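give the three-dimensional model of this entry:
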Amino acid sequence: MARGDGPKILHVITGLNAGGAEQQLRLLLRHLPVRCDVVTLTDPGPVADGLRADGVRVVHLGMAGNRDLRALPRLVRLIRDGGYDLVHTHLYRACLYGRLAARLAGVRAIVATEHSLGETQMEGRALGVGVRALYRAGERLGSTTVAVSPTVADRLGRWGVPAPRVEVVPNGVDLARFRFDPAARQRTRRRLGLPEDAYVVGGVGRLTPGKRFDVLVRALAALPEECRLLLVGGGPEEHVLRRTAREAGVAGRVLLTGERPCVPDGSPGPDLPALAAAMDVLVSPSPQETFGLAVVEGLASGLPVLYASCPAVEDLPPRAAPAARRVRGGAAEFAAALTALRATAPGPRTPPDAARHYCVTRSAARLMDVYATVLTHPSSPAPQGVPSA
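Sure thing, here's the model as predicted:
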């Protein structure tokens, strides 16, 4: 199917800074064979620039905050004027406003992807009674909710979302881009000032408290001098992590790269696949993940991985990711696991079955199946209490 054929789809997302959901949206749009536009409620950010470079129309709605109700009629008009056949929402605020706006605009094919539903938090926020109630009310306005893992689908079920309204479409990884490149490893290490014989522990993600990258900084203090920590990502905890590194006496062995794209967009410096190639192990100490994209990208680069939570790995048989190990605990436990791993001979940098299972082309095909079903059997008219368009 040519990109100009078929249904016209609008993706509505809360923001387009360089987070996992935002990067995932861009990657999927590169592989969906249909016309897609994007609306970001806030924060156009670097992913918006990348989408525009890909030829995707991006509109910034200019929403001032969670209660900026002026954004709702603007979004309704945009959907109605655009003649969209399907609206696909991403992240909590966009799901609430996007589902309602689609209904008011007369669109009945509405899909929402649940990227960030943890056991006790969503997008880093605690899950109170009010958040749960508002989520369930918004969910009823849509046609289908996409869970990025069976673990998230189970959580949605426990929240009362009927199983027939949930489809599992896992996040995808561009295997070709993450294929290990020895030359890229050497170039990236030279550019970052990493010695060739250094043992590089990598972490990838937003620098927020929930990711627990401070655990890796403290674990580094228990490792030999030739070990380095390479943290890829930006966020509000950067200054805290730098202070933690100074207090632990490892500031000279910790390198923070800032945000890096996982797909090319002209940004200076090495991109995420090149940075993964420079690592010797990928570690994810976050205790709550809905998928574990960084871990899967590490596996796609042929890295051994240590993780605290990764539904993408845990939902598959152990043999699918033999180089992935779950670690329970804090800095001492991760330091011990890293010491044991470093003592073993490194294996070939080839992706395991788990990485191939999450190839982005498979995810895009499954999402197209969801679209086809929703377009064939759209949701019923707006429930009582929701005004019609």
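
centroid residue for the protein?
Gly20 (2.5 Å; CA atoms, centre = their mean).

correct me, but that one touches His115?
Yes - here Gly20 reaches His115: they are 7.1 Å apart, a contact under CB atoms under 8 Å. C-betas here are computed from N, CA, C, even on glycine.

quick check: longest helix of this structure.
The residue-count maximum for a helix in the chain (DSSP state H) belongs to helix 360-376.

which strands and helices sit next to it?
helix 20-29, strand 86-90, strand 110-114, strand 144-147 (3 or more CB pairs under 8 Å, 6 or more residues apart in numbering; DSSP states H and E).

mean pLDDT and distance to Arg177 added to these, as CSV?
Below are the helices and strands packed on helix 360-376 laid out as CSV (pLDDT from 0 to 100; distance: least, CB to CB, whole Å):
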stretch, mean pLDDT, distance to Arg177
helix 20-29, 93, 9
strand 86-90, 97, 22
strand 110-114, 94, 22
strand 144-147, 95, 23
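
how about the strands in the stretch 1-150 of the chain?
In the stretch 1-150 of the chain, the strands defined using DSSP state E, counting those that start in this stretch lie at 8-13, 35-40, 58-60, 86-90, 110-114, 121-122, 125-126, 144-147.

can you redo the ones you listed as a markdown table with distance to Pro195 and mean neighbour count?
A markdown table is the format used below for those (distance: least, CB to CB, whole Å; neighbours: other CB atoms under 10 Å):
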| stretch | distance to Pro195 | mean neighbour count |
| --- | --- | --- |
| strand 8-13 | 40 | 24 |
| strand 35-40 | 41 | 23 |
| strand 58-60 | 41 | 17 |
| strand 86-90 | 41 | 27 |
| strand 110-114 | 41 | 27 |
| strand 121-122 | 38 | 17 |
| strand 125-126 | 41 | 10 |
| strand 144-147 | 43 | 24 |
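
any chance of TSV for those strands, columns distance to Ala364?
Listed next are the strands of the stretch 1-150 of the chain as TSV, based on distance: least, CB to CB, whole Å:
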stretch	distance to Ala364
strand 8-13	13
strand 35-40	11
strand 58-60	19
strand 86-90	13
strand 110-114	13
strand 121-122	25
strand 125-126	30
strand 144-147	12
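
right, so of those, which gets closest to Pro73?
When the strands of the stretch 1-150 of the chain are compared by CB to CB, strand 35-40 sits nearest Pro73, at 13.6 Å.

can you give me the angle that closest one makes with strand 86-90?
Between the axis of strand 35-40 and that of strand 86-90 there is an angle of 40 degrees, by axes from the mean of the first three to the mean of the last three CA atoms, to 10 degrees.

just the mean pLDDT for strand 35-40, thanks.
For strand 35-40, mean pLDDT is 97.

and stretch 244-254, by the same measure?
Mean per-residue pLDDT for stretch 244-254: 98.

which one of the helices and strands packed on helix 360-376 lies closest to Ala102?
strand 86-90 (3.9 Å).

contacts for that closest one?
Strand 86-90 has contacts (CB atoms under 8 Å, 6 or more residues apart in numbering) with 7-14, 21, 25, 79, 95, 98-99, 101-102, 107, 109-113, 115, 142, 371, 374-375.

what pairs with it, parallel or antiparallel?
strand 8-13 (parallel), strand 110-114 (parallel) (DSSP bridges).

ok, and what's touching the first one?
Residues external to strand 8-13 that are found in contact with it (CB under 8 Å, 6+ apart): 21-22, 25, 29, 32, 34-41, 75, 78-79, 82-91, 94, 97-98, 101, 371.

do you know the pLDDT at Tyr92?
For Tyr92, the model assigns a pLDDT of 87.

surely it meets Glu139?
No - using CB under 8 Å, Tyr92 makes no contact with Glu139, being 11.1 Å away.

what residues go with each domain of the protein?
Residue ranges for the domains of the chain, per automatic domain parsing: 8-172+360-376, 175-357.

mind checking how far the longest one is from the chain centre?
What it means is domain 175-357. 15 Å (CA atoms, centre = their mean, to the nearest Å).

start to end distance for that domain?
10 Å (CA to CA, to the nearest Å).

change the start of the numbering to 46 and stick with it
Fine by me, first position is 46 from now on; the one you just mentioned is domain 220-402.

phi first, then psi, for the residue nearest to Arg138 when sequence neighbours are not counted.
Distances taken as CB to CB, 6 or more residues apart in numbering place Thr59 nearest to Arg138, at 4.6 Å, with adjacent residues excluded. Main-chain torsions, Thr59, degrees, to the nearest 10: phi -60, psi -50.
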